[in-house]
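Participant: my questions are about this predicted structure, shown below with the sequence.
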Amino acid sequence: MARYWAIYPELAESQILVPVPLHRKKLRKRGYNQAELLAVALAEKRNLPVNTQLLRRVRNTPSQTRFGREGRLKNMSGAFECVLPKEVKGKIILLIDDVATTGATLEGCAEALKKAGAKKVMAYTLAREI
């Protein structure tokens, strides 16, 4: 991700990297958050702050794999909240995730961050499923 950063000049606007959070039950079961691992590594390479505490997944949503686009959007709507709005207000946030399929998860996260006052929310993923 760091190697391809220059292809997307708009990423240079980023002020804070925020990984897409897992629900606490899923995190406990898996033992790690792959988006967080990517965000931390990218933050180190790009010399940017990463904040793993800004967003929280408030609903333990079912896997997106069994839904189409509309179902995925509905599944993710209201699934996230910004728990530190003062840290977000007026900032340009870069969401980090491993895979984007329909973008529903990223949209759910962006919705929560914008509601908290983020100036702009962008997303950067390791892979894009088409």
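Facilitator: The structure has been received and is ready for your questions. Numbers count the residues shown, from 1 in each chain.
Participant: C-alpha from now on. contacts and neighbour counts both.
Facilitator: Fine.
Participant: pLDDT on stretch 8-26, on average?
Facilitator: Averaging pLDDT along stretch 8-26 gives 95.
Participant: next, the buried residues of it.
Facilitator: 11, 14, 16, 17, 18, 19, 20, 21, 22, 23 (16 or more other Cα atoms under 10 Å).
Participant: same question for stretch 48-60.
Facilitator: Those would be 48, 49, 50, 51, 52, 54, 55, 56, 57, 59, for stretch 48-60 by 16+ other Cα under 10 Å.
Participant: what pLDDT does the last one get?
Facilitator: You'll see residue 59 listed with a pLDDT of 80.
Participant: got the contact list for it?
Facilitator: Contact analysis of residue 59 by Cα atoms under 8 Å, 6 or more residues apart in numbering lists 23, 79, 80.
Participant: do the same with the fourth one
Facilitator: Contact partners of residue 51, counting by Cα under 8 Å, 6+ apart, are 16, 17, 18, 19.
Participant: what helices or strands is the helix or strand hosting residue 71 leaning on?
Facilitator: Element membership for residue 71, per DSSP states H and E: helix 69-76. Packed against helix 69-76 by the contact rule (3 or more Cα pairs under 8 Å, 6 or more residues apart in numbering; DSSP states H and E) you find helix 104-115.
Participant: so how far is stretch 59-71 from its chain's centroid?
Facilitator: Centroid displacement of stretch 59-71 relative to its chain, using Cα atoms, centre = their mean, to the nearest Å, is 16 Å.
Participant: now for residue 27, how many residues are close by?
Facilitator: 13 (other Cα atoms under 10 Å).
Participant: that one against residue 33, yeah?
Facilitator: Yes. At 6.4 Å, residue 27 counts as touching residue 33 under the criterion of Cα atoms under 8 Å.
Participant: put the alpha carbons of the lowest-mean-pLDDT helix or strand in the chain into CSV.
Facilitator: Among the helices and strands of the chain, helix 69-76 carries the lowest confidence by mean pLDDT, DSSP states H and E, at a mean of 73. Backbone C-alpha positions of helix 69-76 (Å, rounded to 0.1, in the frame of the first residue of the first chain) are rendered in CSV as follows:
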residue,chain,number,x,y,z
ARG,A,69,-25.1,-4.4,-2.6
GLU,A,70,-28.4,-3.2,-1.1
GLY,A,71,-28.3,-5.8,1.7
ARG,A,72,-24.7,-4.9,2.5
LEU,A,73,-25.5,-1.2,2.7
LYS,A,74,-28.5,-1.9,5.0
ASN,A,75,-26.3,-4.3,7.1
MET,A,76,-23.7,-1.6,7.7
